[in-house]
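Asks: Pasting the sequence and the predicted coordinates here, then a few questions.
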Amino acid sequence: MSEVTINLPEEVFSARRLPPEEFVQEMRLAAAIYWYQKREISMEKAASVAGLNRRDFLAALAREQIDVFAVDFDDLERELNVSCQPSASNR
């Protein structure tokens, strides 16, 4: 695993009222959610970035009220129209 060092002003930690270790965990989760929402990384990779297993990452997404499954309603309508048409074998 690679290590990254970020220099932040001390005020950041006191403003969030978190010890540095918890702040780092929060930053990892925030980055993972951001990249996942932008579809830049998979859910599995996002969970890894956040330092969580997939189930716990899903729970974090739920806490943040982030949709896990993005639905394109135009695509859904097309799929429903196709699936509702009788097939040649059923005629």
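Replies: The structure has been received and is ready for your questions.
Asks: In the chain, where's the longest helix?
Replies: helix 20-37 (DSSP state H).
Asks: and the helix or strand following it, which residues are buried?
Replies: Once helix 20-37 ends, the next helix or strand along the chain (criterion: DSSP states H and E) is helix 43-50. Using 16 or more other CB atoms under 10 Å as the test for burial, helix 43-50 gives A46, A47, S48, V49, A50. (C-beta placed from N, C-alpha, C; glycine too.)
Asks: got the CA coordinates for the longest helix of the chain in PDB?
Replies: Taking Å, rounded to 0.1, in the frame of the first residue of the first chain, the C-alpha atoms of helix 20-37 are listed here in PDB:
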ATOM      1  CA  PRO A  20      -6.000  13.200  13.500                       C
ATOM      2  CA  GLU A  21      -6.500   9.400  13.100                       C
ATOM      3  CA  GLU A  22     -10.300   9.800  12.900                       C
ATOM      4  CA  PHE A  23      -9.900  12.800  10.600                       C
ATOM      5  CA  VAL A  24      -7.800  10.700   8.200                       C
ATOM      6  CA  GLN A  25     -10.500   7.900   8.200                       C
ATOM      7  CA  GLU A  26     -13.100  10.500   7.500                       C
ATOM      8  CA  MET A  27     -11.000  11.900   4.600                       C
ATOM      9  CA  ARG A  28     -10.500   8.400   3.100                       C
ATOM     10  CA  LEU A  29     -14.300   7.700   3.300                       C
ATOM     11  CA  ALA A  30     -15.100  11.100   1.700                       C
ATOM     12  CA  ALA A  31     -12.600  10.500  -1.100                       C
ATOM     13  CA  ALA A  32     -14.000   7.000  -1.700                       C
ATOM     14  CA  ILE A  33     -17.600   8.200  -1.800                       C
ATOM     15  CA  TYR A  34     -16.700  11.100  -4.100                       C
ATOM     16  CA  TRP A  35     -14.800   8.900  -6.600                       C
ATOM     17  CA  TYR A  36     -17.500   6.200  -6.400                       C
ATOM     18  CA  GLN A  37     -20.300   8.700  -7.100                       C
END
